[in-house]
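> dropping a prediction and its sequence here:
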Amino acid sequence: MQITKWGNPFAAVHPIKLIRRLELKKCNKITLYADGTEFSLAQRTRPEDVLKSLRQFRGRLSGKIRLSRDEANAR
């Protein structure tokens, strides 16, 4: 990856393999997660995509998964 400067902001130039793997298109937004010298890159999930996947979900959660309102609100 190469960091360059275009006008005022900096820009990161990513390898084409990464662009294709994440299926990125022009103007897509991505999130960079950094931990020391290690980092990961992920495409931001659009609200429309989340709603689409929720509409397609027709199953039930497995019995092993427990949802806790207290844990969710503690974040």
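Perfect, thanks for sending it.
> okay, CA-based contacts and neighbour counts for the rest of this
Will do.
> what about this structure, any weak spots by pLDDT?
1, 41, 43-44, 61, 75 (pLDDT under 70).
> what about the strands in it?
2-5, 10-13, 30-35, 38-43 (DSSP state E).
> need those strands in a markdown table with distance to Phe57, can you?
Rendered in a markdown table, the data for those read as follows (distance: least, C-alpha to C-alpha, whole Å):
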| stretch | distance to Phe57 |
| --- | --- |
| strand 2-5 | 40 |
| strand 10-13 | 36 |
| strand 30-35 | 25 |
| strand 38-43 | 21 |
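> and Lys52, which of the ones you listed is closest to it?
Lys52 sits nearest to strand 38-43 of all the strands of the chain, at 16.6 Å, using C-alpha to C-alpha.
> and the strands of the chain as CSV, adding distance to Leu54 and mean neighbour count?
As requested, the strands of the chain are exported to CSV (distance: least, C-alpha to C-alpha, whole Å; neighbours: other C-alpha atoms under 10 Å):
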stretch, distance to Leu54, mean neighbour count
strand 2-5, 37, 10
strand 10-13, 33, 11
strand 30-35, 22, 10
strand 38-43, 18, 10
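> Asn73 is nearest to which of those?
strand 30-35 (23.5 Å).
> adjacent strands (with direction) for that closest one?
strand 38-43 (antiparallel) (DSSP bridges).
> which one, of the strands of the chain, ends up nearest to Gly59?
strand 38-43 (25.9 Å).
> residue farthest from the centroid of this protein?
Gly63 (27.6 Å; C-alpha atoms, centre = their mean).
> what residues are up against it?
Residues near Gly63 by C-alpha atoms under 8 Å, 6 or more residues apart in numbering: none.
> how close does it get to Arg69?
17 Å (C-alpha to C-alpha, to the nearest Å).
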